[in-house]
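J.: predicted structure and sequence below. I'll ask about it afterward.
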Amino acid sequence: MSQPLTIGLIQHACSEDVAANWRESEQGIREAAAQGAELVVLPELHASVYFCQTEDTSLCDLAEPIPGPGTERLGRLAEELGIVIVGSLFERRAPGLFHNTAVVLDDDGSLAGVYRKMHIPDDPGYYEKFYFTPGDLGFEPIDTAVGRLGVLVCWDQWFPEAARLMALAGADLLIYPTAIGWDPDDDSDEMHRQQDAWITIQRSHGVANGIPVVAVNRVGFEADPSEATAGAEFWGSSFVCGPQGELLARAGHEREVLITTIDRARSEKVRRIWPYLRDRRIDAYADLTLRYRDRS
């Protein structure tokens, strides 16, 4: 597709009130659509607090089937507003089996596809391996009325392999619903380094693959129920960059509906002058499948 595409990024805080979180997401979607957005993206796990700060089996009650109530709700909005929506849900696939799953609703309200998060972190404050089984659907773009969407989720954004595989499969843009924040105990220099690294790595995916990148984060402080850590201050800063990594729009640290328009024809132009896909040496990359290359 060569026509410009207007994108809405819904950056908001989340609380323990699931109904209120859904109302906040829906309000943001409607605001974005009213401003001309054809594609609207929500943050990671936008229906709840980021519950992975602690390990608690009762929190699995937050999960839902897909298709299910969440996809039905987003589908009705997509059909009513005539837009494509990317949401992020805690999927209950079977008893005791859960995924961190992005869902894509097409502009007719149908479920265009899902992506199950492939890279699962396990760090202080981000105990996702306790809850989520790694994805099993691979890195496959999802076809929609606005193009082929390379949807990935949060921790995936640190892995260039995931971005490259989506690009090789024909994704028109990369999309990362996200929940990432600062440890309030870190000093300001460390906070700046972390946020700068988060933006830089994703812009580099745009450069390396010649396609736009959309990253949507939540905002607000969320306490750690276990009190083992100081909690998380989600830094927002949702952004869109172009196929040369150029920043097209960036949000602040508060609630925001960020609207920007991308030129989809630029990817073809950029790839002609920076033909990275042409010059890859796939004959020499076999070691990429090794866990680690032992040089001893």
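T.: Everything's here; your move. Remember, predicted model here, so these are calculated numbers, not experimental data. Residues are numbered from 1 along each chain as shown.
J.: helix, strand or coil for residue 258?
T.: On the three-state scheme (DSSP: H, G, I helix; E, B strand; the rest coil), residue 258 is labelled strand.
J.: burial count for it?
T.: A count of nearby residues for residue 258, using other Cβ atoms under 10 Å, gives 25. Bear in mind the C-beta positions are built from the backbone N, C-alpha and C, glycine included.
J.: list the contacts of it.
T.: 8, 9, 11, 238, 239, 240, 249, 250, 251 (Cβ atoms under 8 Å, 6 or more residues apart in numbering).
J.: highest neighbour count among those?
T.: The most neighbours, when these are compared by other Cβ under 10 Å, belong to residue 9, which has 30 neighbours.
J.: hang on, it is in a strand, isn't it?
T.: Yes - secondary structure of residue 9 (three-state DSSP): part of a strand.
J.: coming back round to it: just flag the most distant two among the contacts of residue 258.
T.: Maximum pairwise distance in these, criterion Cβ to Cβ, is 14.2 Å, between 8 and 250.
J.: re the thing from before, could I get the contacts of residue 258 in TSV, plus columns for pLDDT?
T.: Listed next are the contacts of residue 258 as TSV, based on pLDDT from 0 to 100:
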residue	pLDDT
8	98
9	98
11	98
238	98
239	98
240	98
249	98
250	98
251	98
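J.: thinking residue 90 is in contact with residue 63, fair?
T.: Yes - the criterion here is Cβ atoms under 8 Å, and residue 90 meets it with residue 63 at 4.4 Å.
J.: find residues that contact each of those two.
T.: With contacts defined as Cβ under 8 Å, 6+ apart, the residues shared by residue 90 and residue 63 are residue 98.
J.: out of the two, name the residue with the larger neighbour count.
T.: When neighbours are counted by other Cβ under 10 Å, residue 90 comes out ahead of the other of residue 90 and residue 63, with 24 against 21.
J.: ok, now which ones touch that one?
T.: If a contact means Cβ under 8 Å, 6+ apart, then residue 90 has 45, 47, 48, 62, 63, 64, 98, 100, 101, 131 as its contacts.
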